[in-house]
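Visitor: Structure of the sequence below:
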Amino acid sequence: MPTANLKPEKKYLGKLWITVIRCAGLRKVQTIGEQDPYVEIEVNGKKQKTKTMHDVEFNPEFGERFHWDLENVESPVVFFRVWNENKMVLDDVIGDLKVPLAVLLAKEDMVQKIPLYRSMKRQIKSGSMMIKVEYFGDGGLPKAPKASGMAFSRYGTFSLAADVAGVLEERVANNKLTFHKGQTLRDYFGFDACANAEKRLIVCYLGEDGKPNRPVVYEDVREDTVIELINWNERKAEAEAAKFEEMASLHEKEAERIREAHEKALEKAAEEAKARAVANEEKKKMASELRALQEALARTQASLKQVEAKSASLESKLKTLNEASNANAEVKAKLRNESHTVAGLKGYVSRLKRHKARYETLQKDNQKSEENLNGLKKAYVSTFATLRATKDNVEKLATEAMNLKRTRPTGAWSFGSTSTEKKNEKVTCKNGHLVRLYPRNGGGWACDGRHNKGGCKSGCTGFYQLRGVTRYRCSACDFDYCGKCHDFLANGEKEPESWKERKVTCTKGHELRPERYNTNGWACDGRKEECGCLSGCTGFRQLSTVERFRCRACDFDLCGKCYNSKKAGIVPVGKTCYLKAHTGKYVYTANRHASAQSSTKGTKEAVRFKEIAPGRYVITSVDSGKNLQVDKSQGLCRFENQNEGAWETFKIEKHGNLIFLMSHLKTVVQVKPNGTMYAENTNRQAWEGLVVEV
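Guide: This next block holds a predicted model:
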């Protein structure tokens with residue numbers, strides 16, 4: 001049966017570092033006395049070994065690091081062997097392991113535990129070894145692009161396996177992986193994950209139903225095996241494209257409906273404008289007619305005055321004629337003629353009166369027309385405002401439709417969980433108002449319990465630290481409590497009386513005040529002390545969101561963590577107390593090396609804190625009077641002497657009921673699972689925290 005045998009592993013070109021940390025559970029090969037183990041490592045024909053650990057039989061600590069330069073090395077193998085050094089005879093082999101470098105580089109954690117075997121053929125264990133593998137360069141197995149729905153693929157034993165997902169991704173044909181009966185996995189991948197051991201290949205992928213499948217292929221393929229894979233990325237992209245097309249169609253329909261409404265509004269506005277133009281024409285016509293009637297009325301009034309004057313004159317003449325009697329017929333005839341003239345003038349006067357009445361009626365109609373014109377003006381203004389708002393909405397929706405066409409929708413809405421408000425009327429703000437559960441909990445707030453004795457119970461020292469934490473708030477006073485501080489106060493608990501607050505001052509004794517305007521152009525002056533800044537500040541423009549306390553007269557600043565470390569009595573200074581680790585054990589001070597291994601509290605576990613400078617403490621054993629110090633080279637903690645120098649000085653940071661000891665190396669003291677105390681890193685996890693019991 002033909003095999004793949006394509007040598008997928010690329011040649012290694014780079015630097016390899018292997019650190020031997022410790023061995024555990026080594027078998028005993030020396031019958032008389034204690035054995036002296038050491039470790040020998042061979043890579044590409046180059047051997048290097050550790051120092052011999054004398055009088056340490058089963059669990060030696062090495063902590064040595066070795067380096068190899070790999071130049072176009074194909075499939076390098078690392079050979080570990082643990083020897084027992086003998087002075088009179090040849091050295092004895094305690095255990096060994098031969099493993100490809102690709103297997104050691106497959107794990108995400110560089111620190112790993114490997115087994116040691118007395119006999120590689122029979123797989124008889126002879127102990128284990130803790131190592132750290134670091135590789136900087138090119139080569140090795142290809143990385144998996146994860147385009148075929150494959151979660152992971154491991155080839156090897158339970159403890160020693162290589163990540164071969166990248167190799168399998170290259171050999172996928174028509175979304176299928178095929179293994180033939182009689183084929184061996186070591187020929188298929190081009191290397192042996194662990195010699196003389198039963199190995200297998202585990203492939204984890206998603207099936208048609210979306211659930212993970214994990215078939216197993218053994219070293220010697222017992223039957224033809226076909227694994228069908230699904231390209232879930234393509235399916236997801238198709239679903240998102242269909243959803244996007246549906247949303248774009250809906251938005252296009254909505255935009256069409258809005259355009260139709262806009263056109264109708266424009267037609268209505270045109271009709272109203274036309275009606276206004278007709279009204280204006282009628283108004284102009286009526287105004288011209290009114291002016292003509294006013295001119296005719298003026299002329300009629302002037303003629304009426306002349307006629308009235310003439311009528312008065314004629315009446316006076318008629319009276320004179322009546323008084324003179326009818327002297328002759330000519331006079332009577334003349335008088336009759338004048339009477340007819342007067343009657344005609346009276347008819348003319350009556351017609352003028354009718355014209356005057358018509359003029360008044362026209363004035364009233366003109367006034368009503370002006371009122372109607374004012375109403376039309378108001379309707380025009382309202383219609384214009386509505387038209388402008390409609391136009392803005394149309395432009396906004398059109399823009400959104402264009403953006404939806406150009407941008408693929410990503411993500412989904414997520415909904416946070418809610419919590420039930422506790423009905424408790426004990427907890428109030430600084431002004432006596434009841435604090436209540438606040439449903440909206442963003443990240444831009446800080447617990448005001450950090451200003452109380454002992455600080456915030458959730459460990460808050462400034463803003464943007466409590467996203468997702470239960471929040472109680474007094475909106476009137478802009479006052480907040482986290483859930484732990486609220487429950488602490490609601491239960492009526494109090495801080496120990498020996499932990500008293502004090503004023504925090506600058507170098508000249510001025511008290512520091514909270515700085516309201518917190519710009520980015522400042523730095524914590526706690527960085528100049530031996531243990532450094534508790535917030536990790538080393539220079540300017542690093543603390544834009546950190547709480548700031550300042551003395552403006554001296555231009556002196558402290559961050560929130562350094563301020564709280566100096567302000568509150570974080571530990572009971574001068575009193576006998578006990579340090580309890582996360583393992584539940586107390587720190588034992590009678591030995592030279594500090595460790596947390598005691599289950600009782602006695603004189604050998606008692607310590608006292610002494611503050612030698614603001615924010616700097618020394619921890620002294622009550623039993624021996626020696627001070628706890630941190631070794632500069634290895635970070636080992638021990639009770640060595642009674643000095644109070646830099647090695648014995650600690651800064652203390654308090655988070656809730658835990659304290660963290662920061663050494664002069666700017667590392668935090670932690671307790672290993674075996675109880676040993678080291679200061680190796682700057683983490684603040686549970687195993688770095690200690691509880692002070694008075």
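
Visitor: all contacts plus neighbour counts: C-alpha atoms, from now on.
Guide: Fine.

Visitor: Can you show me the helices along this protein?
Guide: Using DSSP state H, the helices assigned to the chain run over residues 101-104, 165-170, 185-189, 232-324, 329-406, 483-490, 560-567.

Visitor: Indicate which one of these is closest to residue 518.
Guide: helix 560-567 (12.0 Å; CA to CA).

Visitor: could you say what helices and strands the closest one packs with?
Guide: When contacts are defined as 3 or more CA pairs under 8 Å, 6 or more residues apart in numbering; DSSP states H and E, helix 560-567 packs onto strand 548-551, strand 651-655.

Visitor: how far is it from where the chain is centred?
Guide: 26 Å (CA atoms, centre = their mean, to the nearest Å).

Visitor: what stretches of the stretch 401-550 of the chain score poorly on pLDDT?
Guide: Within the stretch 401-550 of the chain, the set of residues satisfying pLDDT under 70 comprises 401-425, 453-454, 493-502, 530-531.

Visitor: my bad, the stretch 1-150 of the chain
Guide: In the stretch 1-150 of the chain, residues with pLDDT under 70: 1-9, 120-122, 144-149.

Visitor: count of residues packed around residue 270?
Guide: 12 (other CA atoms under 10 Å).

Visitor: tell me the contacts of it?
Guide: Contacts for residue 270 (CA atoms under 8 Å, 6 or more residues apart in numbering) come out as none.

Visitor: ok, residue 643 to residue 503 distance?
Guide: With distances taken as CA to CA, to the nearest Å, residue 643 is found 28 Å from residue 503.

Visitor: would you turn the helices and strands packed on helix 560-567 into TSV with distance to residue 623 and mean neighbour count?
Guide: Listed next are those as TSV, based on distance: least, CA to CA, whole Å; neighbours: other CA atoms under 10 Å:
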stretch	distance to residue 623	mean neighbour count
strand 548-551	40	22
strand 651-655	23	24
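
Visitor: can I get those in TSV with distance to residue 452?
Guide: Listed next are the helices and strands packed on helix 560-567 as TSV, based on distance: least, CA to CA, whole Å:
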stretch	distance to residue 452
strand 548-551	16
strand 651-655	13
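
Visitor: Compare these and give me the one nearest residue 323.
Guide: Nearest to residue 323, of all these, is strand 548-551, at 123.1 Å by CA to CA.

Visitor: Who are the packing partners of that closest one?
Guide: Under the contact criterion of 3+ CA pairs under 8 Å, 6+ apart, strand 548-551 touches strand 513-514, strand 556-559, helix 560-567.

Visitor: Show residues contacting stretch 292-300.
Guide: Contacts of stretch 292-300 (CA under 8 Å, 6+ apart): 352, 355, 356, 359.

Visitor: Now do the contacts for the residue lying closest to residue 128 once chain neighbours are set aside.
Guide: Nearest non-adjacent residue to residue 128, counting by CA to CA, 6 or more residues apart in numbering: residue 115, 4.3 Å away. By CA under 8 Å, 6+ apart, the contact list for residue 115 reads 97, 125, 126, 127, 128, 129, 159.

Visitor: Among those, which are located in strands?
Guide: 97, 125, 126, 127, 128, 129 (DSSP state E).

Visitor: Need the max-distance pair from these.
Guide: Greatest spatial distance in the ones in strands among the contacts of residue 115: 125 and 129, 11.5 Å, computed using CA to CA.

Visitor: Can you work out which residues contact both of those two?
Guide: With CA under 8 Å, 6+ apart, residue 125 and residue 129 have common neighbours 115, 116.

Visitor: who has more neighbours, the two?
Guide: residue 129 (22 against 17).

Visitor: Quick check: the more buried one touching residue 114?
Guide: Yes: using CA atoms under 8 Å, residue 129 is in contact with residue 114, at 5.4 Å.

Visitor: any common contacting residues for those two?
Guide: Residues touching both residue 129 and residue 114 by CA under 8 Å, 6+ apart: none at all.

Visitor: where does the stretch 251-400 of the chain dip in pLDDT?
Guide: For the stretch 251-400 of the chain (pLDDT under 70), the answer is 325-329, 331-332, 335, 391-392, 394-396, 398-400.

Visitor: Pull the contacting residues for residue 271.
Guide: Residue 271 touches nothing, counting by CA under 8 Å, 6+ apart.

Visitor: any idea how far it lies from residue 277?
Guide: Look at residue 271 and residue 277: by CA to CA, they are 10 Å apart.

Visitor: Distance check, residue 492 against residue 486.
Guide: Applying CA to CA to residue 492 and residue 486 gives a distance of 10 Å.

Visitor: Of those two, give the one with the bigger neighbour count.
Guide: Neighbours per residue (other CA under 10 Å) separate residue 492 from residue 486, with residue 486 holding more: 24 against 9.

Visitor: Residue 470 is in contact with the more buried one, correct?
Guide: No: between residue 486 and residue 470 there is no contact under CA under 8 Å: 9.5 Å.

Visitor: Report the distance from stretch 35-47 to the chain centre.
Guide: Per CA atoms, centre = their mean, the centroid offset for stretch 35-47 relative to its chain is 48 Å.

Visitor: Please point out which parts of it sit buried.
Guide: 35, 36, 37, 38, 39, 40, 41, 42, 43 (16 or more other CA atoms under 10 Å).

Visitor: Might one say that residue 678 is in contact with residue 671?
Guide: Yes: shown here, residue 678 and residue 671 form a contact pair, counting by CA under 8 Å, at 6.6 Å.

Visitor: Mutual contacts of the two, please.
Guide: Joint contacts of residue 678 and residue 671 (CA under 8 Å, 6+ apart) do not exist.

Visitor: buried set for stretch 290-308?
Guide: 290, 293, 296, 297, 300, 301, 304, 307, 308.

Visitor: and residue 14, what does it touch?
Guide: 69, 70, 71, 135, 136, 137, 138.
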